[in-house]
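**Student:** Need a 3D model of the following:
(one chain, ligands or ions: 3)
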Amino acid sequence: MNIFVVNSGSSSIKYQLFRLPAEQPVCSGLIERIGLENSVITHKVYRGEQEHVEQRTLDLPDHEAGLREAINLLMDAEVGVIQDPAEVEVVGHRVVHGGESFAATTIVTDEVKREIKRLFPLAPLHNPANYLGIEVAEKLVPQAKQVVVFDTAFHQTMPERAFRYALPDSLYTEQGIRVYGFHGTSHKYVAEQAAEYLGNPAAKFITIHLGNGCSMAAVEGGKSIDTSMGFGPLSGLVMGTRSGDLDPSVVFHLVSQLGYDVEQVSNLLNKRSGMLGLTGFSDMRDIGKALAAGDPHAALAYDLYTYRIKKYIGAYTAVLNGLDALVFTAGVGENDTLVRARACQQMEYLGINLDAAKNEERSRQLREINTPESRVKILVIPTNEELEIARQCFSLLRQDT
Ligand SMILES: Nc1ncnc2c1ncn2[C@@H]1O[C@H](COP(=O)(O)OP(=O)(O)O)[C@@H](O)[C@H]1O
Ligand SMILES: CC(=O)OP(=O)(O)O
Ligand SMILES: [Mg+2]
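**Tutor:** Ligands and ions are numbered 1, 2, ... in the order given. Presented below is the predicted three-dimensional model:
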């Protein structure tokens, strides 16, 4: 089965074509700067051990133009991997917010699309772009089955004490105001890898996903039991442009004393806060350079970012009543050695001992970066949300036929 996975973001699209059940990645790509001049599409084709990379700079005014270009590349005379768009049997979409309606992978219907649209205000950076990806794919590969995999689905196993807010009951029962949690596909994927590595399906993990958006999850026996993002993907850790945890009093003050309207508050907390607000940069590589150049804002930002991770490690160790491994993943978690070192420092009491030299080693494989004495393993595991989405599509459609 040829499954084309689309992870459509606000200004970028990531995609990957898989053949299942072999789980073989055929090609992958990243389209950046959509809607700006000089959009860039980087397309990789995998042939056995070899990787062919094709990069094109062109103007892609919108997501439709971007996905159209990706599909053209799939069929390109030189780098193509299929002859006809009809060979794409399934398009698997990452959708960030599934609300309470979706606890599992779902085939797209008009009803499903309406629900994804209804959830736009709860994930304003994500659901609109995800929705657009579905509409464009329906147009470009109309014969394919469109399937959605929700970031929220994995966290549906959380107990009520973790997913409820202390608000009047009706706000939950009638309005669905509760913790949903996000990055579920990634937390699930790395937790499964970690359980396999330890040979212990019942193991207790804290999975730490640090990308542009950042979240942590407490996972026991393969199930999410708590997570740091909430009703929307805004609470918890400090992120690239999002504030993470914040006393709601700040919002009242912004509105009543400083004249912000809802739009401006949302814009501030989602797009202008986090590392960007603290340093002027949202990309950790830029902040790392600023830190090396002695920038005090970058130093404070690293401090806040890693201190918040550490607090959640403490909280989730208590929640799990034990810990087998910490798992770092996603762009920052897989690459930023200083973040890992700082987030794990001075936690010997909890049995967490990072090995400084192992932490510095570079690899794209699962690896262990704790000392031999450390009671808790510290693992770096590259996430693969796209493969997890393809697996879920395959398992759904296999049951369906
Ligand atoms: N070598 C690296 N060192 C430090 N940070 C990195 C490195 N490579 C990528 N990152 C960071 O990873 C983040 C993006 O992570 P990613 O998982 O791709 O996010 P998303 O999927 O949300 O776009 C960026 O902040 C980027 O700076
Ligand atoms: C849910 C979320 O924050 O996703 P991302 O990290 O892709 O922005
Ligand atoms: Mg991501």
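
**Student:** So this structure: which segments form each domain?
**Tutor:** Split into domains by automatic domain parsing, the chain comes to 2-150, 199-380.

**Student:** Which residue comes closest to Leu67 once chain neighbours are left out?
**Tutor:** Nearest residue to Leu67, sequence neighbours excluded (CB to CB, 6 or more residues apart in numbering): Val136, at 4.8 Å. All C-beta spots, glycine's among them, are computed from the backbone N, C-alpha and C.

**Student:** The one you found against Glu64, yeah?
**Tutor:** Yes: in this structure, Val136 is within contact of Glu64 by CB atoms under 8 Å, at 4.7 Å.

**Student:** okay, these two: which has more neighbours?
**Tutor:** The neighbour count for Val136 versus Glu64, taken as other CB atoms under 10 Å, is higher for Val136 (22 against 17).

**Student:** could you list every residue that touches the more buried one?
**Tutor:** By CB atoms under 8 Å, 6 or more residues apart in numbering, the residues touching Val136 are 63-64, 67-68.

**Student:** Mark which of those are buried, thanks.
**Tutor:** Among the contacts of Val136, the ones that count as buried by 16 or more other CB atoms under 10 Å are 63-64, 67.

**Student:** mind checking how far the residue in the stretch 251-400 of the chain positioned nearest to ligand 2 is from Arg285?
**Tutor:** Nearest residue of the stretch 251-400 of the chain to ligand 2 (CB to the nearest ligand atom) works out as Ala330 at 7.4 Å. Separation of Ala330 from Arg285 (CB to CB, to the nearest Å): 14 Å.

**Student:** Counting neighbours, go ahead and name the busier of those two.
**Tutor:** Ala330 (23 against 12).

**Student:** Please name the residues that touch the nearest residue to that one once chain neighbours are set aside.
**Tutor:** Leaving aside its chain neighbours, Ala330 sits nearest to Gly211 (3.7 Å; criterion: CB to CB, 6+ apart). Residues near Gly211 by CB under 8 Å, 6+ apart: 183, 240, 330-333.

**Student:** Relative to His297, which of these is nearest.
**Tutor:** Gly240 (15.0 Å; CB to CB).

**Student:** What about that closest one, how many residues nearby?
**Tutor:** Neighbours of Gly240 (other CB under 10 Å): 21.

**Student:** That one contacts Arg285, correct?
**Tutor:** No: with contacts counted by CB under 8 Å, Gly240 stays clear of Arg285, the gap being 11.3 Å.

**Student:** Return the set of buried residues in the strand or helix carrying Ala390.
**Tutor:** Using DSSP states H and E, Ala390 falls within helix 385-400. Neighbour counts using 16+ other CB under 10 Å place 385-394, 396-397 of helix 385-400 among the buried residues.

**Student:** Stretch 46-65 now?
**Tutor:** 46, 60, 63-65.

**Student:** Quickly list what Val5 is bridged to.
**Tutor:** Gln16, Gly92 (DSSP bridges).

**Student:** Isn't it up against Leu20?
**Tutor:** No: using CB under 8 Å, Val5 makes no contact with Leu20, being 10.8 Å away.

**Student:** Give me the more crowded residue out of the two.
**Tutor:** Val5 (26 against 19).

**Student:** I'd like to check which residues are in contact with the more buried one.
**Tutor:** Here Val5 is in contact with 15-18, 91-94, 386, 389-390, 393 (criterion: CB under 8 Å, 6+ apart).

**Student:** how about those residues in CSV, adding distance to ligand 1 and pLDDT?
**Tutor:** Formatted as CSV, the contacts of Val5 follow (distance: CB to the nearest ligand atom, whole Å; pLDDT from 0 to 100):
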residue, distance to ligand 1, pLDDT
Tyr15, 13, 95
Gln16, 13, 96
Leu17, 18, 96
Phe18, 18, 97
Val91, 19, 97
Gly92, 16, 98
His93, 15, 97
Arg94, 10, 97
Glu386, 11, 96
Ile389, 13, 97
Ala390, 17, 97
Cys393, 19, 97
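
**Student:** Of these, just say which sits nearest to Glu220.
**Tutor:** Ile389 (23.6 Å).

**Student:** Roughly how far does the closest one sit from Arg342?
**Tutor:** From Ile389 to Arg342 the distance is 32 Å (CB to CB).

**Student:** Start and end of stretch 375-389, how far apart?
**Tutor:** Counting by CA to CA, to the nearest Å, you get 33 Å between the two ends of stretch 375-389.

**Student:** Which residue does the stretch 101-250 of the chain have closest to ligand 1?
**Tutor:** Gly211 (2.8 Å).

**Student:** swap in the chain?
**Tutor:** Gly331 (2.1 Å).

**Student:** what helix or strand is that residue on?
**Tutor:** Per DSSP H and E: helix 330-335 holds Gly331.

**Student:** sorry, back to before: same list (the contacts of Val5) but as a markdown table, adding distance to Val81.
**Tutor:** Output for the contacts of Val5, formatted as a markdown table (distance: CB to CB, whole Å):
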| residue | distance to Val81 |
| --- | --- |
| Tyr15 | 12 |
| Gln16 | 11 |
| Leu17 | 6 |
| Phe18 | 11 |
| Val91 | 15 |
| Gly92 | 17 |
| His93 | 20 |
| Arg94 | 21 |
| Glu386 | 15 |
| Ile389 | 18 |
| Ala390 | 15 |
| Cys393 | 18 |
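
**Student:** And the furthest pair within those residues?
**Tutor:** Across those (CB to CB), the longest gap, 14.9 Å, separates Leu17 and Arg94.

**Student:** On the pLDDT front, check the residue of the stretch 201-350 of the chain found nearest ligand 2 for me.
**Tutor:** Ranked by CB to the nearest ligand atom, the top residue of the stretch 201-350 of the chain for proximity to ligand 2 is Gly213, at 2.1 Å. Note on Gly213: pLDDT of 94.

**Student:** Could you do Tyr349 as well?
**Tutor:** 96.
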